[in-house]
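A.B. asks: build me a model from this:
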Amino acid sequence: MTAAAAGTTWSHPIWHRKWRIYVSDAPFISDAWYFVHDDFDDEHDSRHGYAATVEEAREMIDEIDNWQPGDA
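C.D. replies: Residues are numbered from 1 along each chain as shown. Model prediction:
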């Protein structure tokens, strides 16, 4: 049995701090990568999203993590 490559599934993600980045299987999303915080609760939790590249996902995660109340 061959181990899954990093980033191919939720259980074998690319990690960015406490965030999982992996290939999206959502047919209605054109972006290939899904990212989600490891403590994600439900659809009301905004700590998730889609990105075209892993680097873009990392940048979006950094923006979310650096957000402070009062930021535009």
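A.B. asks: show me where this protein has strands.
C.D. replies: 14-16, 19-23, 33-37, 48-51 (DSSP state E).
A.B. asks: can you redo those as a markdown table with mean neighbour count?
C.D. replies: Yep, even glycine has a C-beta here, placed from its N, CA and C like the rest. Below are these laid out as a markdown table (neighbours: other CB atoms under 10 Å):
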| stretch | mean neighbour count |
| --- | --- |
| strand 14-16 | 15 |
| strand 19-23 | 21 |
| strand 33-37 | 20 |
| strand 48-51 | 17 |
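A.B. asks: mind checking these for the one nearest to residue 58?
C.D. replies: Among the strands of the chain, strand 14-16 comes nearest to residue 58, with 5.0 Å by CB to CB.
A.B. asks: against which helices or strands is that closest one packed?
C.D. replies: In this structure, strand 14-16 makes packing contacts with strand 19-23, helix 54-66, judged by 3 or more CB pairs under 8 Å, 6 or more residues apart in numbering; DSSP states H and E.
A.B. asks: could you list the paired strands of that strand along with their orientation?
C.D. replies: Partners of strand 14-16 in the sheet, by DSSP bridges, are strand 19-23 (antiparallel).
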